[in-house]
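J.: fold the following and give me the result.
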Amino acid sequence: SRSPFTAPGALTFTSFSLFVHLTPMSFAPSPKLSAQPLPVHGAGFHDSLSRALSSSTAGHHSTPIDNDHDHKKFHLESDVDKFDIEGYGINIHRIFRNAAVPILYEQALAREAGSTLTSSGALMTRSGAKTGRCPKDKRVVDEETTSGDVWWGPVNMKLDDLSFMINRERAVDYLNTRDQLYVVDGFAGWDTEYRLKIRVICERAYHALFMRNMLIKPTAEELASFGDPDYVIYNAGGFPANRYTKGMSSSSSVSIHFGRQEMVILGTQYAGEMKKGVLTLMMYLMPKRGVLPLHSSANEGKDGDVTLFFGLSGTGKTTLSADPNRQLIGDDEHVWTEKGVFNIEGGCYAKCINLTREKEPEIFDAIRFGSVLENVVFDENTREVNYDDVSITENTRCAYPLEFINNAKIPALGVHPRNIIMLTCDAFGVLPPVSRLTYDQVMYHFISGYTSKTPGTEVGIVEPTATFSSCYAQPFIVWHPTKYAEMLAEKLSKHGSTAWLINTGWVGGKFGTGKRIALKYTRAMVDAIHNGTLEKVATEAMPVFGLQVPVSCPGVPSEVLMPRNSWADKGAYDATLTKLANMFTENFKLYQDKATDTVKAAGPRL
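T.: Reported below is the predicted structural model:
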């Protein structure tokens with residue numbers, strides 16, 4: 001017999017049904033949506049399209065449904081109003097719109113190969129062949145209303161309007177071959193003045209649950225009056241792009257059309273593409289409204305003071321912002337307005353590699369009923385997850401609602417930040433563990449977005465490697481990086497925020513000779529920033545980079561604060577310092593055409 005779920009994870013049993021039958025409500029047509037429908041091909045096309053599905057590289061297979069099974073046996077129904085999506089050219093009437101978590105669990109377990117439950121109640125899923133984003137397959141349509149705004153190049157690669165429409169029709173035609181679909185309507189942005197209405201149309205329950213967690217869930221009243229969305233995401237990731245379409249580089253494609261307010265996904269079922277697609281939309285639209293979108297985490301102290309944390313993967317952004325003594329506003333995406341900051345998302349998307357309750361209890365305990373785990377390895381007998389096993393991918397992830405964090409602040413808004421902390425993991429052991437930045441240095445390091453990769457993190461890396469990502473968000477920015485940097489500097493100046501650079505990487509030598517600074521020391525520095533102690537400490541200028549390094553910090557050995565002092569081989573330090581400074585200078589050449597002289601002067605000087 002089949003055992004449907006009831007929140008928060010209990011099972012309801014029936015002794016009558018021997019088969020699963022998944023039947024969402026059939027909705028009567030509602031007034032057409034404003035989007036112009038595309039022509040839908042006939043049965044012959046759909047037959048050939050279905051035969052072509054086997055060529056998909058997405059690696060996902062759905063379990064077919066026995067449509068002749070007795071409907072009285074068992075139904076999975078989404079308790080939503082009458083709804084259709086014919087206005088988008090999609091003529092499927094078996095739609096799950098904003099379905100409840102138990103329903104999406106049942107759908108995934110019954111229809112999607114590789115889905116199962118963990119011992120803690122989370123849903124484990126597989127994203128197929130793609131276990132991470134495909135930045136080289138991202139395209140932005142070059143159209144007249146937005147072309148002059150976009151920073152064109154390797155980050156924002158051009159796509160013409162015709163190619164986008166071919167991809168769109170390919171996605172719509174594929175979705176029309178499905179027997180049922182999922183729609184998720186939600187908001188991007190906790191501030192109602194700036195939030196966007198997002199609609200996701202997809203074929204997988206996994207994707208629907210993921211975006212149910214990551215978008216801000218509308219109330220029943222807001223859902224009833226949702227109307228036309230601001231942006232639509234067509235997720236047809238189970239079907240490949242046609243690599244012969246102009247502008248395509250592979251069978252995967254993520255394309256955004258700002259003019260049509262649409263995004264199309266083909267050939268990848270990695271759910272993070274949707275999340276970062278929404279961030280890209282906000283990265284473009286918010287500056288047009290005079291507010292600053294940021295790829296950052298944020299938390300709030302007991303006195304209401306807010307700190308923003310910038311940092312690339314592996315720098316400690318999530319770990320340091322998840323502070324038991326401070327409320328979490330958000331872990332990844334925010335906007336700084338004239339009123340303060342707000343979280344863009346309704347959930348968190350945490351890396352799970354080497355996760356333990358001891359190191360990150362807030363994240364570990366959030367992985368429960370309602371969460372989505374991607375590409376993890378588990379014990380088949382106990383269903384306990386082995387977070388140390390990276391045989392599928394090192395990019396194991398979990399998406400969970402913000403409210404699963406015990407000290408999350410909801411609504412996720414805060415006042416103007418008192419402190420800005422930029423995080424780097426310097427495996428060269430050159431940068432100081434903590435330093436105070438001038439506003440010009442903020443702009444320089446924000447534009448640079450430096451961290452490093454260590455040997456073993458990727459195939460072929462045998463020594464520390466510098467990584468630069470503009471604004472700590474290069475794959476998602478749309479405008480030139482200096483636009484975001486100038487807005488950040490203006491915010492800091494206007495509101496008197498203090499900016500810091502914290503290195504969570506190596507001290508006493510580079511990777512292989514030194515050691516990574518102890519987390520307890522980094523936490524002590526962050527605590528000293530929050531309680532105001534570090535701001536009162538005298539500083540000493542670091543050679544070449546000109547960073548102002550505190551001469552002392554409570555709970556931190558003074559000998560580690562100035563990097564050269566902790567190296568046994570001073571000559572080796574000086575050589576490594578010069579090497580890293582040259583890397584910074586070479587990287588900044590990409591942006592110096594639009595940077596001011598004072599910002600360029602804030603970089604390293606040899």
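J.: in the protein, which helix or strand is least confident?
T.: Lowest on mean pLDDT, DSSP states H and E among the helices and strands of the chain sits helix 43-52, with a mean of 44.
J.: after that helix comes which helix or strand?
T.: Using DSSP states H and E, the helix or strand that follows helix 43-52 in sequence is strand 95-97.
J.: partner strands of that next one, with direction?
T.: Here strand 95-97 is paired, per DSSP bridges, with strand 181-188 (parallel).
J.: do you know how far Asn587 is from Tyr444?
T.: Asn587 sits 11 Å away from Tyr444, going by C-beta to C-beta, to the nearest Å. In this view, the C-beta of every residue, glycine as well, is placed from N, C-alpha and C.
J.: who has more neighbours out of the two?
T.: Tyr444 (25 against 18; other C-beta atoms under 10 Å).
J.: can you report how many residues lie near the residue lying closest to that one once chain neighbours are set aside?
T.: Distances taken as C-beta to C-beta, 6 or more residues apart in numbering put Ala602 closest to Tyr444, at 4.1 Å, once the chain neighbours are dropped. Residue crowding around Ala602 was assessed by other C-beta under 10 Å; the count is 23.
J.: ok, Asn406 next?
T.: 12.
J.: contacts for stretch 487-499 next, please.
T.: Stretch 487-499 is contacted by residues 287, 292, 294, 336, 416-422, 436-437, 439-443, 446, 529, 535 when judged by C-beta atoms under 8 Å, 6 or more residues apart in numbering.
J.: which among those residues count as buried?
T.: 287, 292, 294, 336, 416-422, 436-437, 439-443, 446, 529 (16 or more other C-beta atoms under 10 Å).
J.: just the ones of these in strands?
T.: Residues from these lying in strands, with DSSP state E as the criterion: 292, 294, 336, 419-422, 436-437.
J.: list just the nearest of these to Ala108.
T.: Minimum distance to Ala108 across these is 32.8 Å, recorded for Leu294 (C-beta to C-beta).
J.: what's the distance between the nearest residue to that closest one once chain neighbours are set aside and Met165?
T.: Spatial nearest neighbour of Leu294, chain neighbours left out: His334 (5.0 Å); criterion: C-beta to C-beta, 6+ apart. Separation of His334 from Met165 (C-beta to C-beta): 34 Å.
J.: again, but for Thr438
T.: On the measure of C-beta to C-beta, Thr438 and Met165 end up 48 Å apart.
J.: go on, Ile92?
T.: On the measure of C-beta to C-beta, Ile92 and Met165 end up 21 Å apart.
J.: kindly report the same for Ala485.
T.: Taking C-beta to C-beta, one finds Ala485 at 35 Å from Met165.
J.: more neighbours: which of the two?
T.: Legend: neighbour count by other C-beta under 10 Å for Ala485 and Met165, higher for Ala485 (25 against 16).
J.: model confidence for that one, exactly?
T.: Looking at Ala485, its pLDDT reads 93.
J.: kindly report the same for the one 5 residues further on.
T.: pLDDT recorded at Glu490 is 94.
J.: the one 4 residues further on now?
T.: Residue-level confidence at Lys494 comes out at 96, pLDDT.
J.: now do the helix or strand harbouring it: distance to the chain's middle.
T.: For Lys494, the host element (DSSP H and E) is helix 481-495. Helix 481-495 has its C-alpha centroid displaced from the chain centroid by 23 Å (C-alpha atoms, centre = their mean, to the nearest Å).
J.: after it, heading C-terminal, what element do we hit next?
T.: strand 498-503.
J.: what's the helix or strand following that next one packed up against?
T.: The C-terminal neighbour of strand 498-503 among helices and strands, as given by DSSP H and E, is strand 506-507. Applying 3 or more C-beta pairs under 8 Å, 6 or more residues apart in numbering; DSSP states H and E, one finds that strand 506-507 contacts strand 515-516.
J.: against which helices or strands is the strand it packs on packed?
T.: Strand 515-516 packs on strand 506-507, going by 3+ C-beta pairs under 8 Å, 6+ apart.
J.: ok, and what's touching the strand it packs on?
T.: So strand 506-507 is contacted by 426-429, 433, 514-517, 560, 563, 566 (C-beta under 8 Å, 6+ apart).
J.: which of those sits closest to Gln474?
T.: Asp426 (18.3 Å).
J.: could you tell me how many residues sit around that closest one?
T.: For Asp426, the count of nearby residues is 26 (other C-beta under 10 Å).
J.: same check, this time on the one 4 residues further on
T.: Counted with other C-beta under 10 Å, residues neighbouring Val430 total 27.
J.: for it, what are its contacts?
T.: 510, 563, 573, 576-577, 580.
J.: need the pLDDT of it.
T.: For Val430, the predicted pLDDT is 97.
J.: specify the local secondary structure of it.
T.: Secondary structure, DSSP: H, G, I helix; E, B strand; the rest coil: Val430 is coil.
J.: and it, how far from Leu294?
T.: For Val430 relative to Leu294 (C-beta to C-beta), the value is 26 Å.
J.: same check on Thr504?
T.: 19 Å.
J.: which residue ranges form the strands in the stretch 301-450 of the chain?
T.: 306-310, 327-330, 333-336, 341-343, 347-351, 372-374, 377-378, 385-386, 397-401, 413-414, 419-424, 434-437, 450-453 (DSSP state E, counting those that start in this stretch).
J.: same check, this time on the stretch 501-606 of the chain
T.: Using DSSP E, counting those that start in this stretch, strands in the stretch 501-606 of the chain cover 506-507, 515-516, 539-541, 548-550.
J.: which of those is buried the deepest?
T.: Ranked by mean neighbour count under mean count of other C-beta atoms under 10 Å, the strands of the stretch 501-606 of the chain are led by strand 506-507, which reaches a mean of 25.
J.: quick one: strands adjacent to it?
T.: strand 515-516 (antiparallel).
J.: who touches the strand it pairs with?
T.: 504-509.
J.: what is the most widely separated pair among those residues?
T.: The widest separation within those (C-beta to C-beta) is 15.8 Å, between Thr504 and Gly509.
J.: the more surrounded of those two?
T.: Thr504 (23 against 19).
J.: check contacts around the more buried one.
T.: By C-beta under 8 Å, 6+ apart, Thr504 lies in contact with 315-316, 423-425, 516-517, 519, 522.
J.: so Met211 touches Val184, yeah?
T.: Yes. Assessed by C-beta atoms under 8 Å, Met211 is found in contact with Val184 at 4.5 Å.
J.: overlap in contacts of those two?
T.: 200, 202.
J.: re the thing from before, nearest to Thr382 among the ones in strands among the buried ones among the contacts of stretch 487-499?
T.: Ile421 (39.4 Å).
J.: report pLDDT for that closest one.
T.: Looking at Ile421, the pLDDT reads 98.
J.: what do you get for Glu360?
T.: Glu360 is given a pLDDT of 87.
J.: can you show me the helices along the chain?
T.: 43-52, 101-111, 161-175, 205-214, 220-224, 272-288, 317-321, 361-366, 439-448, 481-495, 519-530, 563-566, 570-588, 597-600 (DSSP state H).
J.: any idea how many residues pack against the nearest residue to His530 once chain neighbours are set aside?
T.: With sequence-adjacent residues excluded and distances taken as C-beta to C-beta, 6+ apart, His530 is closest to Gly301, at 6.0 Å. Neighbour count for Gly301, taken as other C-beta under 10 Å: 17.
J.: now do the same contact list for Gly301.
T.: Counted by C-beta under 8 Å, 6+ apart, Gly301 has contacts 307, 325-326, 530.
J.: same check, this time on Thr356
T.: Taking C-beta under 8 Å, 6+ apart, one finds 364, 387 in contact with Thr356.
J.: and it, how far from Tyr387?
T.: 7 Å.
J.: cool, thanks, talk later.
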